[in-house]
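> Have a look; sequence and predicted model below, questions after that.
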Amino acid sequence: MKRNPLVLVVVAFVAAFMLYFGYHQARRNGPSFVPHLAKSSLAPDFSLQSLDGKTLHLSDFRGKAVLLNFWATWCGPCKIEMPWFVELQNQYAAQGFQIVGVAMDDASKEDIGKFAKDMGVNYPILIGKESVGDQYGGVPALPESFLIGRDGKIVDTIIGLRGKAEIEDAIKKALDTQAAKSTASVLSLRENGPAPK
């Protein structure tokens, strides 16, 4: 019996797709994967390197409202929202607002830095790690942003591209939160060590 070459190509394509999909599902469902974070849960702290080589922690921004944005240089919707983020950072910084970008792609630090410069980014860009993405539910789509209140708790999550007005409303909700009373002492302890007895 003669086999149709088109059928063989289709079968090979389907098999390759299933292997690819299965591999990525397995990566996402590995031991480090956690379910999507619920509102009002504490945003997981992390330590990542910025484009200028400094090590930053999410907890460095405690007491501020934070928009934590997972993005990539190849992500079309990310390019649309970045100019909005630049404007919103300028507009709300004085009220205690900070955007933090986490680059989740395989581009070099130099390429990410050039991309951020070309986009006029005025907020810290950190080099992402898959383990940090996993802490935030695996970040299944880009862009994905978490609005974090002054108390370090998640106020809202924005998956994919939304309108600037919707993002601004989420920022206002995050700004409207109260910082935890122990925040100042936690940051002071981290910077200066325990107070002398």
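Perfect, thanks for sending it. Residues are numbered from 1 along each chain as shown.

> give me the beta-bridge partners of the residue nearest the centre of the chain?
In the chain, the centroid-proximal residue (CA atoms, centre = their mean) is Phe70; its distance is 2.8 Å. When bridges are called by DSSP bridges, Phe70 pairs up with Val102, Glu144.

> quick one: low-confidence parts of the chain?
Judged by pLDDT under 70, the chain has its weakly predicted residues at 1-40, 180-197.

> can you give me the strands in it?
47-49, 55-57, 65-71, 97-103, 125-127, 144-148, 154-159 (DSSP state E).

> Show me the contact partners of the fifth one.
Residues outside strand 125-127 that contact it (CB atoms under 8 Å, 6 or more residues apart in numbering): 48-51, 56, 100-103, 109, 112-113, 116. In this view, the C-beta of every residue, glycine as well, is placed from N, C-alpha and C.

> how does the protein divide up, domain by domain?
Using automatic domain parsing, the domains assigned to the chain come out as 1-30, 47-192.

> Dump those into CSV; add distance to Ser41 as well.
Below are the domains of the chain laid out as CSV (distance: least, CB to CB, whole Å):
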stretch, distance to Ser41
domain 1-30, 20
domain 47-192, 6
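
> OK, contacts around the residue lying closest to Ser59 once chain neighbours are set aside?
Excluding the flanking residues, the one nearest Ser59 by CB to CB, 6 or more residues apart in numbering is Asp45, at 4.8 Å. Applying CB under 8 Å, 6+ apart to Asp45 gives the contacts His57, Leu58, Ser59.

> Give me the neighbour count for Ala165.
9 (other CB atoms under 10 Å).

> quick thing: my sequence starts at 182, can you match it?
Yes, from this point I'll number from 182; that puts the last item at Ala346.

> Gly330 - nearest residue in space that isn't next to it in sequence?
Taking CB to CB, 6+ apart, and ignoring the residues beside it in sequence, Gly330 has Thr358 as its nearest neighbour in space, at 3.1 Å.

> quick one: which of the contacts of Asp226 has the most company?
Of the contacts of Asp226, with other CB under 10 Å as the count, Leu239 tops at 22 neighbours.

> Okay, that residue and Gly344: tell me how far apart.
26 Å (CB to CB, to the nearest Å).

> Also Gln270?
Counting by CB to CB - Gln270 and Gly344 are separated by 17 Å.

> who has more neighbours, the two?
Gln270 (17 against 10).

> residues contacting that one?
Counting by CB under 8 Å, 6+ apart, Gln270 has contacts Phe278, Gln279, Ile280, Asn303, Tyr304.
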